[in-house]
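Engineer: make a model of this:
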Amino acid sequence: MRRAAFLSLAAIALAGCGTGGLSEENGDISEGKLLFTQQCGRCHMLKEARTPGIIGPNLDEAFAGPTSEGFDESTIREVVRHQIDYAVPPMPQDLVKGADADAVAAYVAAVVTDPKAKVALPAGAGGNDPKLLFESNCGSCHTLADAGTSGTIGPNLDQAKPSLQKAIMQITNGGGAMPAFKGRLTEKQIRALAQYLVRVTGKG
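Structural biologist: Residues are numbered from 1 along each chain as shown. Below you'll find the predicted structure:
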């Protein structure tokens, strides 16, 4: 009864979401982190993912109460999976499906129930390929034609056309709603990403 009540209340608390069935697969949390960053971070704030979403609920806050009351990871994973399957506007339908949805739900549940959790991105996710680095880390917030991204939280980089030095400084230190990527990306990755931005926006 307590579990059923939580599932109902969580559906209300996570405005823009609904309820439904759940796959029993736990999902790959590393892949879930990558998918969450790419698909969900523009709307949802999540501390471990360093996403600055301001449209949908802050997921750390949304699940803080239930977690403190003893609801376990599997229950929260179920709630998140339900929300994905039966999304209510403004949350998009079919944002992720099947195993991808399982992975996102597993990742979110793992990190909101353990504030000390650290999840690595999948091996090779981005690597030193600047376009993939941009897609994985920046595309949820920024529009960039070359990367095919349409984020609207941060500046449209095709229009902003940052200089190399400005891009390096901004990526490294963040600012405003943008998180700092120092410590998350290597200096080599940050420089490659900045050089890519300068090249594809025609600044360099």
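
Engineer: where along the chain do the helices fall?
Structural biologist: Under the criterion DSSP state H, helices of the chain are mapped to 2-13, 29-35, 59-68, 73-85, 98-112, 130-137, 157-160, 164-173, 187-200.

Engineer: figure out which of these is closest to Asp146.
Structural biologist: When the helices of the chain are compared for distance to Asp146 using C-beta to C-beta, the nearest one is helix 187-200, at 3.9 Å. For glycine as for every other residue, the C-beta is placed from the backbone atoms N, C-alpha and C.

Engineer: buried set for that closest one?
Structural biologist: Residues of helix 187-200 classed as buried: 189-194, 196-198, 200 (neighbour count, 16 or more other C-beta atoms under 10 Å).

Engineer: and which of those residues is nearest to Asn156?
Structural biologist: If you rank the buried residues of helix 187-200 by distance to Asn156 using C-beta to C-beta, Leu197 comes first, at 12.0 Å.

Engineer: tell me the pLDDT at the closest one?
Structural biologist: Reading off the per-residue confidence, Leu197 sits at a pLDDT of 95.

Engineer: turn the helices of the chain into a markdown table, including distance to Arg50.
Structural biologist: Putting the helices of the chain into a markdown table (distance: least, C-beta to C-beta, whole Å) gives the following:
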| stretch | distance to Arg50 |
| --- | --- |
| helix 2-13 | 23 |
| helix 29-35 | 10 |
| helix 59-68 | 12 |
| helix 73-85 | 18 |
| helix 98-112 | 11 |
| helix 130-137 | 9 |
| helix 157-160 | 19 |
| helix 164-173 | 13 |
| helix 187-200 | 14 |
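
Engineer: contacts for stretch 48-64?
Structural biologist: Residues external to stretch 48-64 that are found in contact with it (C-beta atoms under 8 Å, 6 or more residues apart in numbering): 10, 13-16, 33, 36-37, 40-47, 76, 90-91, 108, 111-113, 115, 117-119, 140-141, 153, 177-179, 184.

Engineer: wait, what's in contact with the residue nearest in space to the middle of the chain?
Structural biologist: Residue closest to the mean C-alpha point of the chain, counted by C-alpha atoms, centre = their mean, is Thr37 at 2.5 Å. Applying C-beta under 8 Å, 6+ apart to Thr37 gives the contacts 49, 51, 136-137, 140.
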